[in-house]
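A.B. asks: got a predicted structure plus its sequence, pasted below:
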Amino acid sequence: RASMAYFKLYCLAAALCVLVHLVPNTLCTSNGDGDINNKFRDPSVVQDKGHLKEHVKELTEEEINQMSPEEMEWHFFKSHDSDQNLELDGLEILAAVDHQQSGYNYPSHEDRMKSYTGLVDRILDDDDIDDDGMISWLEYVISRRRHEAEAKAAREQRDAETKL
């Protein structure tokens, strides 16, 4: 029975890996507004080695330096999953957002919370594919790919416009 459970888990993991690698960026759509304030998806944040060193104590500096961008994103996601269920709920997303935006000074605590809750709501609206109120690892990866494609398209469009 144990070997069958491991086999099923292996098949599920393999299927998820195939799905993640086959999600074509061309299927991703955008409203074109760019969501500049959302550092939750920003590669410079989710692939930040210093952030990983701070939050993932079991990894050595050498291990972190040898990680691929995808591995860094996995550890970023996992480090904010406080209940370790491989999903980020609104409070876990809020904690990640608060940590990322700590340098910005809001006029009041109420303004800060209004901004953060609005951002968490937008993240859930945009990225929670199955509408369960949480972002799974798969949903997170799909979102990151979609937003990378959108950012690349926006850069290419700006570059094309400046050449005119």
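C.D. replies: Cool, the structure landed.

A.B. asks: CA atoms for contacts and neighbours, from now on please.
C.D. replies: Noted.

A.B. asks: just the helices in this protein please.
C.D. replies: 2-22, 43-46, 49-55, 61-65, 69-80, 90-100, 109-127, 137-163 (DSSP state H).

A.B. asks: next, the angle helix 109-127 makes with the last one.
C.D. replies: With axes from the mean of the first three to the mean of the last three Cα atoms, to 10 degrees applied, the angle from helix 137-163 to helix 109-127 works out at 100 degrees.

A.B. asks: buried stuff in helix 137-163?
C.D. replies: Neighbour-count burial for helix 137-163, with 16 or more other Cα atoms under 10 Å as criterion, is recorded at 137-151, 154.

A.B. asks: mean pLDDT added to the helices of the chain, as a markdown table?
C.D. replies: Below are the helices of the chain laid out as a markdown table (pLDDT from 0 to 100):
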| stretch | mean pLDDT |
| --- | --- |
| helix 2-22 | 49 |
| helix 43-46 | 66 |
| helix 49-55 | 73 |
| helix 61-65 | 85 |
| helix 69-80 | 86 |
| helix 90-100 | 83 |
| helix 109-127 | 88 |
| helix 137-163 | 90 |
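
A.B. asks: ok, now how distant is S108 from K114?
C.D. replies: 10 Å (Cα to Cα, to the nearest Å).

A.B. asks: so between the two, which is more surrounded?
C.D. replies: Taking neighbours as other Cα atoms under 10 Å, S108 and K114 compare with K114 leading, 12 against 9.

A.B. asks: CA atoms only for stretch 148-164, dumped as PDB, please.
C.D. replies: Taking Å, rounded to 0.1, in the frame of the first residue of the first chain, the C-alpha atoms of stretch 148-164 are listed here in PDB:
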ATOM      1  CA  GLU A 148       6.300  37.600 -17.000                       C
ATOM      2  CA  ALA A 149       4.800  37.300 -20.500                       C
ATOM      3  CA  GLU A 150       2.700  40.500 -19.900                       C
ATOM      4  CA  ALA A 151       5.700  42.400 -18.700                       C
ATOM      5  CA  LYS A 152       7.800  41.300 -21.700                       C
ATOM      6  CA  ALA A 153       5.000  42.300 -24.100                       C
ATOM      7  CA  ALA A 154       4.600  45.700 -22.400                       C
ATOM      8  CA  ARG A 155       8.400  46.300 -22.700                       C
ATOM      9  CA  GLU A 156       8.400  45.300 -26.400                       C
ATOM     10  CA  GLN A 157       5.500  47.600 -27.000                       C
ATOM     11  CA  ARG A 158       7.200  50.500 -25.300                       C
ATOM     12  CA  ASP A 159      10.400  49.800 -27.200                       C
ATOM     13  CA  ALA A 160       8.500  49.700 -30.500                       C
ATOM     14  CA  GLU A 161       6.700  53.000 -29.700                       C
ATOM     15  CA  THR A 162      10.000  54.700 -28.800                       C
ATOM     16  CA  LYS A 163      11.400  53.700 -32.200                       C
ATOM     17  CA  LEU A 164       8.600  55.400 -34.000                       C
END
